[in-house]
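Peer 1: Make a model of this:
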Amino acid sequence: MGWDDSASGFTLLKDATNSSEVFSGTAASLATGAITAVGTIRSQATGSSAFADLKSDMIYASGGFDLIVGTNNKLHFRTNDTRRMTIAGDGKVGINNQSPTAQADIRGANSVVHGRGQLYLSNTETAAINLGSQISLGGTYDGTNDTFFASIAGRKENATAGDYDGYLQFSTRTNGGNNVERMRIDSNGNVAIGTSFPSGNALKTTFHVNGTSQGAAIRLSHGSNSSLLRYDDTDGLQIGTIASKPLTLETGDTAAITIDTSQNVGIGTDSPARNVSIYQSDSSLAYCNLPIARQPARPLMALK
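Peer 2: Numbering: from 1, shown residues only. Model prediction:
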């Protein structure tokens with residue numbers, strides 16, 4: 001390595017006989033473990049037009065540029081003499097975390113609900129309805145070829161300037177199809193599945209399911225047993241159980257009407273003994289039996 005300090009400047013050379021410049025400046029001081037230069041430190045390989053300049057406020061590379069650390073060592077970035085970002089030897093990136101546990105590991109103080117949290121995304125276009133930010137989730141689907149499978153987005157709900165009503169959008173994708181919205185939570189907390197516009201019931205928070213041509217259903221399951229709330233334009237509203245279980249309507253967390261698996265109806269009892277069994281709370285009134293006559297005869301009601 002050579003040194004030329006002529007003309008009150010300096011040039012650090014690759015060696016004493018090779019004039020290939022490593023860096024230069026107008027003044028320099030050499031000390032143990034440090035080189036201080038006023039000007040630009042330039043790195044340029046012999047015979048190459050590409051170079052990298054290290055200045056007091058930036059690093060500029062005319063071509064590709066690598067920051068390299070030793071095997072299994074970490075690369076740290078600092079501001080105000082505090083480590084802010086770390087790239088671990090296995091490629092994991094930590095922000096405010098020097099030992100990242102995932103590909104991107106962000107740590108920060110707890111954020112209140114009305115806050116920007118530890119990660120904030122925003123679009124850059126002029127405000128308009130349905131614009132916002134999206135996180136897409138994907139993976140490999142054919143060998144190592146990848147695509148996106150689903151997304152979560154927050155978007156502006158209206159076209160009114162200065163109005164930040166927003167909705168949360170959940171979308172999924174079928175094979176060969178586009179990413180399509182499947183569920184939305186609007187700015188008032190109404191939830192919609194199968195429609196982008198949940199129809200609230202007056203001022204009541206609403207869960208709105210809009211079905212296909214086959215109708216819509218909500219299924220509740222426990223193990224192998226299920227019950228359904230269904231609606232379609234042919235049969236109207238249907239409420240029932242799929243397994244051999246009774247159907248009960250409650251008030252005050254107490255059974256009011258029970259339909260057992262034999263279609264007996266109990267009012268005031270969850271164990272009806274006849275087609276219709278009615279009991280008072282003190283059981284002072286015996287059941288009443290309402291036999292159902294076959295058509296075309298008129299129904300007959302008998303009380304016992």
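Peer 1: What about the residue lying closest to residue 129 once chain neighbours are set aside, how many residues nearby?
Peer 2: In space, and not counting its chain neighbours, residue 129 is closest to residue 159: 4.2 Å by Cβ to Cβ, 6 or more residues apart in numbering. Every C-beta, even on glycine, is put in place using the N, C-alpha and C of the backbone. For residue 159, the count of nearby residues is 11 (other Cβ atoms under 10 Å).
Peer 1: Next one, pLDDT for residue 159 please.
Peer 2: Per-residue confidence (pLDDT) for residue 159: 96.
Peer 1: how far away is it from residue 123?
Peer 2: 15 Å (Cβ to Cβ, to the nearest Å).
Peer 1: hmm, back to that, name the helix or strand for the residue nearest to residue 129, please.
Peer 2: According to DSSP states H and E, residue 159 maps onto no helix or strand at all.
Peer 1: Would you mind measuring from it to residue 80?
Peer 2: 42 Å.
Peer 1: Also residue 65?
Peer 2: 25 Å.
Peer 1: Give me the more crowded residue out of these two.
Peer 2: Under the neighbour definition other Cβ under 10 Å, residue 65 and residue 80 were set side by side, and residue 65 has more, 12 against 5.
Peer 1: Excluding chain neighbours, give the residue nearest to the more buried one in space.
Peer 2: Residue 65 sits nearest to residue 52 (Cβ to Cβ, 6+ apart), 5.7 Å away.
Peer 1: count of neighbours near the one you found?
Peer 2: 16.
Peer 1: ok, now residue 119?
Peer 2: Residue 119 sits with 11 neighbouring residues when counted by other Cβ under 10 Å.
Peer 1: residues contacting it?
Peer 2: residue 106 (Cβ atoms under 8 Å, 6 or more residues apart in numbering).
Peer 1: so residue 241 makes contact with residue 227?
Peer 2: Yes. Counting by Cβ atoms under 8 Å, residue 227 is a contact partner of residue 241 at 4.6 Å.
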